[in-house]
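**Student:** sequence isn't available, so here's the structure alone:
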Ligand code: ATP
Ligand code: FE
């Protein structure tokens, strides 16, 4: 099938056209960074309004770039949660309108399922596999056993790594988003110059914690400022390097455990954190040592996009599932079967 995907759960307005044989005919992503920049974070009301204003343009562009019209489509897939409710609603409303107007099936998709199923779109991998989602808002290990079969092995008990990178950047006077800025600084620093903790590494299981690292960075900064009368460039680079190394080490060790626990033949990453080269390298080393395949999808498909939503919709369609006009927008929607009713439950 040829499916239109729509994504508007955070601060990216996205639309894409994807086919059942894994071809991405188009993938349009319109970010809103400039709109939120002065507020130092995503403002839900601004995001919702921007999605409402731009979604139809994104859809038109996705159709045009794919060289298809609504009549060529077989279904409309849309993120129905989790995320900022105003944005999710804007997407769900548009999708319902398009489905009603064309008579096409409507498929609601869990945004996290979109991330988790991306390795099937990019590389056609088989179930089961281990997924480490490291984005701005999420950090968790999932065993992916089917299009709607996810088991959560553990995750952060406080901040997500992307969030921690952003906060550390703020503490050190670096620009947002913090990830790329901290990574660039880290390249010039010595990761061993400043001792930082490795939170929760001494505890069994796959849970992680990153907020303590942020506090440790604050302390290191204040000590350096008190000692040197200001934050020297070299010290700032060392703090970035030490912080990045600590995050990478925690993610790597927990990945090693998750692999041992599941015996999965492949580990994949998704989310903005997968852009970080130190994190990627650490995970790859763990996978190599465990003799399992490591997969990091191309960056535009690691971060928020609508191609993954179209693909997750295709997977649901293949199971014979679709939604009605009562499809609800859900601000919270855990993936794990044990945590909540599954995708499409009640259909
Ligand atoms: P979610 O998808 O969970 O709602 P999000 O859309 O904010 O969250 P992504 O778009 O996947 O998340 O990723 C953005 C996050 O990734 C930001 O917090 C950013 O700092 C982080 N990030 C981006 N590049 C890097 C990098 N090179 N190193 C570390 N972190 C990075
Ligand atoms: Fe996301």
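**Tutor:** Noted; the coordinates are in hand. All figures in this text were calculated on a predicted structure; none of them were measured in a lab. Numbering: from 1, shown residues only. Ligands and ions are numbered 1, 2, ... in the order given.
**Student:** ligand 2 contacts on the stretch 201-347 of the chain?
**Tutor:** residue 304 (Cβ under 5 Å from the ion). Every residue, glycine included, has its C-beta placed from N, CA and C.
**Student:** sketch out the low-pLDDT regions of the stretch 201-347 of the chain for me.
**Tutor:** Scanning the stretch 201-347 of the chain for pLDDT under 70 picks out 337-347.
**Student:** ok and the residue in it nearest ligand 2?
**Tutor:** Per Cβ to the ion, the residue of the stretch 201-347 of the chain with the smallest distance to ligand 2 is residue 304, at 4.3 Å.
**Student:** which ones are touching the spatially closest residue to residue 67 that is not a sequence neighbour?
**Tutor:** Spatial nearest neighbour of residue 67, excluding adjacent residues (Cβ to Cβ, 6 or more residues apart in numbering): residue 25 at 7.2 Å. Listed by Cβ atoms under 8 Å, 6 or more residues apart in numbering, the contact set of residue 25 reads 2, 16-19, 65-68.
**Student:** which of these lies closest to residue 44?
**Tutor:** For the contacts of residue 25, the residue nearest residue 44 by Cβ to Cβ is residue 16; the value is 23.6 Å.
**Student:** note down every partner strand of whichever helix or strand that closest one is part of and its orientation.
**Tutor:** Assessed by DSSP states H and E, residue 16 sits inside strand 12-19. Note on strand 12-19: by DSSP bridges, its sheet partners are strand 2-7 (antiparallel), strand 24-31 (antiparallel).
**Student:** and the closest residue in space to residue 332 that isn't next to it in sequence, how many neighbours?
**Tutor:** Among residues not flanking residue 332 along the chain, residue 82 sits closest, at 5.3 Å (Cβ to Cβ, 6+ apart). Around residue 82 there are 21 other residues, counting by other Cβ atoms under 10 Å.
**Student:** so which residues on the stretch 51-200 of the chain come close to ligand 2?
**Tutor:** So the stretch 51-200 of the chain meets ligand 2 at residue 135 (Cβ under 5 Å from the ion).
**Student:** tell me where the chain has helices.
**Tutor:** Assigned by DSSP state H, the helices in the chain fall at 33-36, 44-66, 85-102, 111-123, 161-171, 178-186, 211-228, 233-262, 277-289, 299-302, 307-318.
**Student:** centre of the chain to the first one, how far?
**Tutor:** The one in question is helix 33-36. 19 Å (Cα atoms, centre = their mean, to the nearest Å).
**Student:** so which bits of it are buried?
**Tutor:** residue 36 (16 or more other Cβ atoms under 10 Å).
**Student:** got it, and the longest one?
**Tutor:** Judged by neighbour count using 16+ other Cβ under 10 Å, the buried positions of helix 233-262 are 235-259, 262.
**Student:** do it and ligand 1 meet?
**Tutor:** No. Using Cβ under 6 Å from any ligand atom, helix 233-262 stays clear of ligand 1, with a minimum separation of 7.5 Å.
**Student:** let me know the angle separating that helix from helix 277-289.
**Tutor:** Relative orientation of helix 233-262 versus helix 277-289 (axes from the mean of the first three to the mean of the last three Cα atoms, to 10 degrees): 30 degrees.
**Student:** flag every buried residue along stretch 192-208.
**Tutor:** Those would be 194, 196, 199-200, 206-208, for stretch 192-208 by 16+ other Cβ under 10 Å.
**Student:** I'd like these as JSON lines, with distance to residue 321 appended.
**Tutor:** Converted to JSON lines, the buried residues of stretch 192-208 look like this (distance: Cβ to Cβ, whole Å):
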{"residue": "194", "distance to residue 321": "51"}
{"residue": "196", "distance to residue 321": "46"}
{"residue": "199", "distance to residue 321": "39"}
{"residue": "200", "distance to residue 321": "37"}
{"residue": "206", "distance to residue 321": "29"}
{"residue": "207", "distance to residue 321": "32"}
{"residue": "208", "distance to residue 321": "33"}
